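**Student:** This is a predicted model, with the sequence first.
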Amino acid sequence: MPELPEVETVRQGLLPAMEGEVIARLELRRADLRWPFPPDMAARVSGARVMQLRRRSKYILADLDRGESLLIHLGMSGRMVISGLAAAHVPGQFHFEHPAVEKHDHVIFHMANGARVSFNDPRRFGAMDLWSTDQLATHPLLASLGPEPLGNSFHADLLKARFAGRKTPVKAALLDQRIVAGLGNIYVCEALFRAGIHPRRAAGRIGPARIEALTEAIRATLQEAIAAGGSSLRDYRQANGELGYFQHAFRVYGREGAACVSANCPETVRRIVQSGRSSFYCAACQR
DNA sequence: CTCAGCTCCTGCGGGC
DNA sequence: TGCCCGCAGGAGCTGA
């Protein structure tokens, strides 16, 4: 599912179609996703130029030239499909012809440059909102987010402080977007495996050296996934509409019963359920 | 404050 | 072939 690396990949895929470009018309094919769209969203966006396309955690932020920013969250099953961008722009990457509007195409960006960007989201856990660019940090969905795991403010001391005294399993703590932003179920499992930490271990009972290792594991896991073009599950596609996006190999996620990838480890990957979600781990490598 | 559990939604795969 | 059920999960919400 779209976690930080997938959202970053989508953002990068959208750049040629959207950044610096004018949204000639925003077409809303329903009135809400997870929440109702803000009043007059189509009118407030139509005709605006996207000055910058940024990412914060799992949110894509489009700063418009009218003082407002569009927030986009892909939820679980949201994807962006680009068509109609001049082939010369990015050779061979995009459908040139506009395909028929598909089921679950809820929002369509008709770009002045001829491109069409469709937001397709079967499960409708996604969201869109408009907010003053100057006040973006106060947006309810952004205000309490923790640091970007790939940014300078994310380091072992911060994680130590936020884990201190907490009895909650480290798995749940890392999924808590207030502690660190952008991780989801897949990359938490992967980072814990890399760091050799059991998903059930209490967050407050991880030693300093192991927190250091966890910090590095989180960074490495995310960086590799971004480099690989993000990774995802079956109903997800790259921003350019191409399939074949989910080639990324996970070490534990989704590998229940398969051999642990560590050299000479005799264990098989196990699956447990923590707060309703699957955790995959190796009982020998993770303590 | 912390934490576990529930909820939204649809598509898919397994079992019969 | 069709139906039912469980599962996938981001993140807000509720209640203990």
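**Tutor:** Thanks, I have the structure now.
**Student:** CA atoms for contacts and neighbours, from now on please.
**Tutor:** Will do.
**Student:** right, and the helix or strand after the top helix by length along chain A?
**Tutor:** Of all the segments of type helix in chain A, defined by DSSP state H, the longest one is helix A:208-227. Moving toward the C-terminus from helix A:208-227, the first helix or strand encountered (DSSP states H and E) is strand A:270-274.
**Student:** Tell me which other helices or strands that next one touches.
**Tutor:** When contacts are defined as 3 or more CA pairs under 8 Å, 6 or more residues apart in numbering; DSSP states H and E, strand A:270-274 sits against strand A:277-281.
**Student:** in the strand it packs on, what's buried?
**Tutor:** Buried residues in strand A:277-281, counted by 16 or more other CA atoms under 10 Å: A:Ser278, A:Ser279, A:Phe280, A:Tyr281.
**Student:** and that strand with DNA strand B, contact?
**Tutor:** No - in terms of CA under 7 Å from any atom of the strand, no part of strand A:277-281 sits within range of DNA strand B; the closest distance is 8.9 Å.
**Student:** Going by proximity to DNA strand B, name the top residue of the stretch 1-150 of chain A.
**Tutor:** Using CA to the nearest atom of the strand, the single residue of the stretch 1-150 of chain A nearest to DNA strand B is A:Arg123, 4.0 Å away.
**Student:** and that residue, how many neighbours does it have?
**Tutor:** Other residues within reach of A:Arg123, judged by other CA atoms under 10 Å, total 13.
**Student:** got it, and A:Gly207?
**Tutor:** Residues near A:Gly207, counting by other CA under 10 Å, number 11.
**Student:** thinking again about what came up before, what sits up against the longest helix of chain A?
**Tutor:** Applying CA atoms under 8 Å, 6 or more residues apart in numbering, the contact partners of helix A:208-227 are A:4-6, A:8-9, A:149-150, A:154-156, A:159-160, A:187-188, A:190-192, A:194-195, A:197, A:231, A:248.
**Student:** still on that earlier bit, and DNA strand C, which of the buried residues of strand A:277-281 reach it?
**Tutor:** Checked against DNA strand C using CA under 7 Å from any atom of the strand, the buried residues of strand A:277-281 give the following subset in range: A:Ser278.
**Student:** Which single one of the buried residues of strand A:277-281 is nearest to A:Leu130?
**Tutor:** For the buried residues of strand A:277-281, the minimum distance to A:Leu130 (CA to CA) is 33.7 Å, reached by A:Ser278.
**Student:** does the closest residue to that closest one other than its chain neighbours have beta-bridge partners, and which?
**Tutor:** Sequence neighbours aside, A:Ile272 is the residue nearest to A:Ser278 in space, at 5.7 Å (criterion: CA to CA, 6 or more residues apart in numbering). According to DSSP bridges, A:Ser279 are recorded as the beta-bridge partners of A:Ile272.
**Student:** Next one: A:Ile272 from A:Lys58, what distance?
**Tutor:** For A:Ile272, the distance to A:Lys58 equals 25 Å [CA to CA, to the nearest Å].
**Student:** the strands in chain A, which residues?
**Tutor:** Counting by DSSP state E, one finds strands in chain A at the ranges A:23-28, A:50-56, A:59-64, A:68-73, A:79-83, A:105-111, A:116-120, A:127-132, A:270-274, A:277-281.
**Student:** which residues touch stretch A:113-127?
**Tutor:** Applying CA under 8 Å, 6+ apart, the contact partners of stretch A:113-127 are A:17, A:21-22, A:33-35, A:71-86, A:98, A:102-111.
**Student:** mind redoing it with 7 Å?
**Tutor:** The list of residues contacting stretch A:113-127 from outside it, by CA atoms under 7 Å, 6 or more residues apart in numbering, reads A:17, A:33-35, A:72-85, A:104-110.
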